[in-house]
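Trainee: Build me a model from this:
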Amino acid sequence: MELSQLHGISKKQGAIEISNNINVPLENILAVGDSTSDWQFIELCGYGAAMGNASEKLKEYVRTKPKGHFYIGGDVDENGIIGILDYFEKE
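Mentor: Numbering: from 1, shown residues only. I've put the predicted structure just below:
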């Protein structure tokens, strides 16, 4: 898919396209978000995380992933993504 074709694409479709293009199954991909609408693509992926400043609803959804497949990180302003990546690197 050309970059010019990506306008208006959903994060869910983006995750599928990335998975297909890099030949990595969705169950091996980590998705991170901070709003409830991000659940659409986080749900598809095998691993999911929410930023600390994410909506409580998204955090609740992320916690439905199996043990070891979810994490709630720190806030965006505090580089919470680093903690998320550190957590999954150890898993």
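Trainee: OK, contacts around K57?
Mentor: T36 (CB atoms under 8 Å, 6 or more residues apart in numbering). C-beta here means a position set from N, CA and C on the backbone, and glycine is covered the same way.
Trainee: let me fix that: I82
Mentor: Taking CB under 8 Å, 6+ apart as the definition, I82 has no contacts.
Trainee: and the helix or strand harbouring it, how far from the chain's centre?
Mentor: Assigned by DSSP states H and E, I82 belongs to helix 80-90. Centroid separation between helix 80-90 and its chain, computed with CA atoms, centre = their mean, to the nearest Å, is 12 Å.
Trainee: Repeat that for stretch 84-91.
Mentor: For stretch 84-91, the distance to the chain centre is 13 Å (CA atoms, centre = their mean).
Trainee: What is the neighbour count of D34?
Mentor: The tally of other residues near D34 (other CB atoms under 10 Å) stands at 19.
Trainee: Neighbouring strands - and their directions - for the one helix or strand Y71 maps to?
Mentor: Using DSSP H and E, the element containing Y71 is strand 70-72. Strand 70-72 has the following strand partners under DSSP bridges: strand 47-50 (parallel).
Trainee: Which SSE is immediately downstream of the strand it pairs with?
Mentor: Next element after strand 47-50 (DSSP H and E): helix 56-62.
Trainee: Now do that following helix, average pLDDT.
Mentor: Computed over helix 56-62, the mean pLDDT rounds to 98.
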